[in-house]
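Q: Sequence unavailable; structure follows:
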């Protein structure tokens, strides 16, 4: 998923002796493969991950890993495994999340199967480093998102990011990782960008997979950056793994007026974010999700209500296998004009 | 003083809890008003409040709430999170209450079932009673009485299914969630068509719950949705005793998209997969049901 391959790969290569196949970047071919063998109205991440599994199996992989979450994501793997078995592949699989909750002991036992020498200490140490890597990446990403629309030399942010990722991939221990992070942080700060007074600001909220996988949202962030819009995005892996439960306890109190209970997956989080973006007087909100994402569909009317109360324009995107990039561009252009005009008036 | 009227919307929770609520509230001496069975007007109302991608069952439910909203003092709408880690529910069950609170102007009565956090049904009913200004003892008696009546009703349902199983007639299992099975625009319509051809129809929700949850393990050990587990239990229990299965799914049901597909892939039996949405065209569906039954009739 996006660039998070790097820490995942680091973790796996250190806790097991297996050869890691780098999953190919998601392309139209992946999507086509995934759609061909998936049920019709399952949500898109299912199709993307199934497509990726198929490509990996073709490349010779024999261990597959799937995560899970608090919606139907938690049940993906069982059906995916059945589909792949029906297609005649053989493999072992590891499911990181069962019944919507992480079960550390079970993961450990599963990992033991592929690497009998694995010890708890090793697992914890390398998990720690990988999680730090995720954190640093998210920090840098946050910075990039803010300024990429205003870079002097086109592509300079992304080029440096590529370099950083490949250097992160070679990490040996925690200290070397930390030094690398500091080094690249300085480098990023040196990249020249135009200082614009009061740029348009947009917050991106929505379903987690579509937000994090650049192919799934047709590079929405880059498209927005090309208009010179500053972007705020909340969901990242670090948030999901380490911050969510703590943050949401606080946030639930803030949104009491609208929502009383957690709503499944990231739905309530998005209500809280909408409220925050509105109160901070952002110029617009973009809500993205994959088609048929049940929790997000259900929460849309609530988000709509908040945005209306504060008078903040909001644009909804629902992605599936047929979304065209051009149509999306038209809608963003219109949305941009709307925000511009609203500011002038 | 006029009595307080409480609205019970049909839809997601009605089939499983509607009768229980009605008995409970009437015992407490309150007026109960149910929404009318689903018709085109209800669907139209629901669509005017829903977003386009919501599942059809949820749209219908919103229609029922909209129908009631100006006629009653309170609308009863629970939130059901889980009955333990292995029995979680669809996310629509989690968010319906909050959603309704935001888009309707009516006042709602609500309770939350989350057995992982020890919030049980009984506590929920006590909470409602308190909100309506009733004494706790009174509520307890009413709850127990209502529960007894509900059990009796369930027993009758199960008995009907058992009787059908023993008969010689060709049998079809109509497999869907309880809220779809008895809706005149969904399950009832399909059932009528099947019965007309001389088949008997078994409803997937009318079996002993414990037994069904156990049976579902035979299909999938990791399945953790309460509704789906009951359905799959019925399927595993009956698959050798019946002639065919009709999967009835409302578009785009999240649970069914995965679980039904798994069942179709893992087990072999004659089945028809019907997916319903709010279009008015039933002719295509008629043809499919008829040809499915034709095939079953030829298989002797």
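A: Yep, that arrived. It should be emphasised that the depicted structure is a prediction, and the values quoted were computed from it without experimental measurement.
Q: What residues does the stretch 1-150 of chain A have near chain B?
A: A:39-43, A:46, A:71-72, A:74-76, A:78-79, A:82-83, A:86, A:95, A:98-101 (Cβ under 8 Å from any Cβ of the partner chain). (C-beta placed from N, C-alpha, C; glycine too.)
Q: Just the buried ones from those?
A: Neighbour counting over the residues of the stretch 1-150 of chain A next to chain B (16 or more other Cβ atoms under 10 Å in any protein chain shown) leaves A:39, A:41-43, A:46, A:71-72, A:74-76, A:78-79, A:82-83, A:95, A:98-100 as the buried ones.
Q: wait, is residue B:174 part of a helix?
A: No: assessed by DSSP: H, G, I helix; E, B strand; the rest coil, residue B:174 does not belong to a helix; its assignment is strand.
Q: any idea how far residue B:90 is from the residue in the stretch 151-300 of chain A positioned nearest to chain B?
A: Closest contact between the stretch 151-300 of chain A and chain B, by Cβ to the nearest Cβ, is at residue A:264 (3.5 Å). Applying Cβ to Cβ, to the nearest Å, one obtains 9 Å for the distance of residue A:264 from residue B:90.
Q: Mutual contacts of the two, please.
A: With Cβ atoms under 8 Å, 6 or more residues apart in numbering or on different chains applied, the overlap between the contact sets of residue A:264 and residue B:90 consists of residue A:294.
Q: low-scoring pLDDT stretches of the chain, where are they?
A: Since no chain was named, I'll use chain A. In the predicted model of chain A, residues A:1-2, A:17-18, A:68-70, A:97-103, A:323 satisfy pLDDT under 70.
Q: actually chain B
A: Along chain B, segments meeting pLDDT under 70 span B:1, B:300.
Q: Can you pull the domain assignment for it?
A: Chain B breaks down into these domains under automatic domain parsing: B:5-148, B:167-298.
Q: Does the longest one reach chain A?
A: This means domain B:5-148. Yes: when contact is scored as Cβ under 8 Å from any Cβ, part of domain B:5-148 falls within range of chain A: B:49, B:51, B:53-55, B:58, B:79, B:81, B:85-86, B:88, B:90-92, B:94-99, B:101-103, B:112.
Q: Would you write a PyMOL line that selects the buried entries of these?
A: Selection of the buried residues among those in PyMOL, burial being defined by 16+ other Cβ under 10 Å:
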select buried, chain B and resi 49+51+53+54+55+58+79+81+86+88+90+91+92+94+95+96+97+98+99+101+102+112
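Q: What about the residues of domain B:5-148 next to chain A, which are in strands?
A: In this view, the residues of domain B:5-148 next to chain A that belong to strands under DSSP state E are B:79, B:81, B:112.
Q: Next one: the last one relative to residue A:113, how far apart?
A: When Cβ to Cβ is the yardstick, residue B:112 and residue A:113 sit 40 Å from each other.
Q: quick one: what helix or strand has the closest residue to residue A:310 other than its chain neighbours in it?
A: For residue A:310, the nearest residue in space outside its immediate sequence neighbours is residue A:278; the separation is 3.7 Å by Cβ to Cβ, 6 or more residues apart in numbering or on different chains. Residue A:278 belongs to helix A:267-279 when elements are defined using DSSP states H and E.
Q: Nearest residue to the residue of the stretch 51-200 of chain B at minimum distance from chain A in space, please, no chain neighbours.
A: The minimum distance from the stretch 51-200 of chain B to chain A, using Cβ to the nearest Cβ, falls at residue B:91 (3.5 Å). Nearest-residue entry for residue B:91: residue A:264, 3.5 Å, with adjacent residues in sequence omitted and distances by Cβ to Cβ, 6+ apart.
Q: tell me the contacts of that neighbour?
A: Residues in contact with residue A:264 (Cβ under 8 Å, 6+ apart) are A:70-71, A:294-295, A:298, B:91, B:94-95.
Q: which residues in chain B form strands?
A: Along chain B, the stretches classed as strands by DSSP E are B:5-8, B:31-34, B:74-76, B:79-82, B:107-109, B:112-114, B:171-175, B:200-203, B:244-250, B:271-276.
Q: what's next to the last one, contact-wise?
A: When you say that, I think you mean strand B:271-276. Identification of contacts with strand B:271-276 by Cβ under 8 Å, 6+ apart yields A:41, B:56, B:185-186, B:190, B:244-251, B:260, B:264, B:285, B:288-289, B:292.
Q: Would you write a ChimeraX line that selects the buried entries of those?
A: The buried subset of those, as determined by 16+ other Cβ under 10 Å, is captured in ChimeraX by this line:
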select /A:41 /B:56,185,186,190,244,245,246,247,248,249,250,251,260,285,289,292
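Q: For the residue nearest to residue B:91, give its distance to residue B:16.
A: Here the distance between residue A:264 and residue B:16 works out to 19 Å (Cβ to Cβ).
Q: what separates the residue nearest to residue B:15 when sequence neighbours are not counted from residue A:297, distance-wise?
A: Counting by Cβ to Cβ, 6+ apart, residue B:178 is the residue found nearest to residue B:15 once chain neighbours are left out, at 4.1 Å. If you measure residue B:178 against residue A:297 using Cβ to Cβ, the figure is 22 Å.
Q: And the helices in the stretch 201-345 of chain A?
A: When assigned using DSSP state H, counting those that start in this stretch, the helices of the stretch 201-345 of chain A occupy the ranges A:208-212, A:220-225, A:237-238, A:244-254, A:267-279, A:294-310, A:325-344.
Q: list the buried ones in the second one?
A: Of the residues in helix A:220-225, those scored as buried under the neighbour-count criterion (16+ other Cβ under 10 Å) are A:220-221, A:223-225.
Q: Mind picking the two most distant members of the residues you listed?
A: When the buried residues of helix A:220-225 are compared pair by pair using Cβ to Cβ, the farthest-apart members prove to be A:220 and A:225, with a separation of 9.6 Å.
Q: burial count for the nearest residue to residue B:165 once chain neighbours are set aside?
A: Spatial nearest neighbour of residue B:165, excluding adjacent residues (Cβ to Cβ, 6+ apart): residue B:241 at 6.2 Å. Applying other Cβ atoms under 10 Å in any protein chain shown, we find 11 residues neighbouring residue B:241.
Q: isn't residue B:297 right up against residue B:172?
A: No: Residue B:297 is beyond contact range of residue B:172, at 11.5 Å (criterion: Cβ atoms under 8 Å).
Q: who's more crowded, those two?
A: Set side by side, residue B:297 and residue B:172 give different neighbour counts by other Cβ under 10 Å, the larger being at residue B:172 (26 against 13).
Q: tally of neighbours for residue A:315?
A: Using other Cβ under 10 Å, residue A:315 has 17 other residues around it.
Q: Check the one 4 residues further on too.
A: As a burial measure, residue A:319 scores 23 neighbours (other Cβ under 10 Å).
Q: show me what contacts it?
A: By Cβ under 8 Å, 6+ apart, the residues touching residue A:319 are A:44, A:210, A:216-218, A:288-291.
Q: quick one: which of the residues you listed is most hemmed in?
A: residue A:289 (30 neighbours).
Q: does it really touch residue A:317, like I thought?
A: Yes: with contacts defined as Cβ under 8 Å, residue A:289 counts as touching residue A:317 at a distance of 7.5 Å.
Q: what's the overlap in contacts for the two?
A: residue A:206.
Q: pretty sure residue B:127 is in contact with residue B:113, am I right?
A: No: with contacts defined as Cβ under 8 Å, residue B:127 does not count as touching residue B:113, sitting 11.1 Å away.
Q: which of these two has more neighbours?
A: Neighbours per residue (other Cβ under 10 Å) separate residue B:127 from residue B:113, with residue B:113 holding more: 19 against 16.
Q: out of everything not next to it in sequence, what's closest to that one?
A: The spatial neighbour of residue B:113 that comes closest, neighbours along the chain excluded (Cβ to Cβ, 6+ apart), is residue B:80 at 4.7 Å.
Q: residues in contact with that neighbour?
A: Applying Cβ under 8 Å, 6+ apart as the definition, the contact partners of residue B:80 turn out to be B:13, B:89, B:93-94, B:112-113.
Q: Kindly report the same for residue A:181.
A: If a contact means Cβ under 8 Å, 6+ apart, then residue A:181 has A:136, A:139-140 as its contacts.
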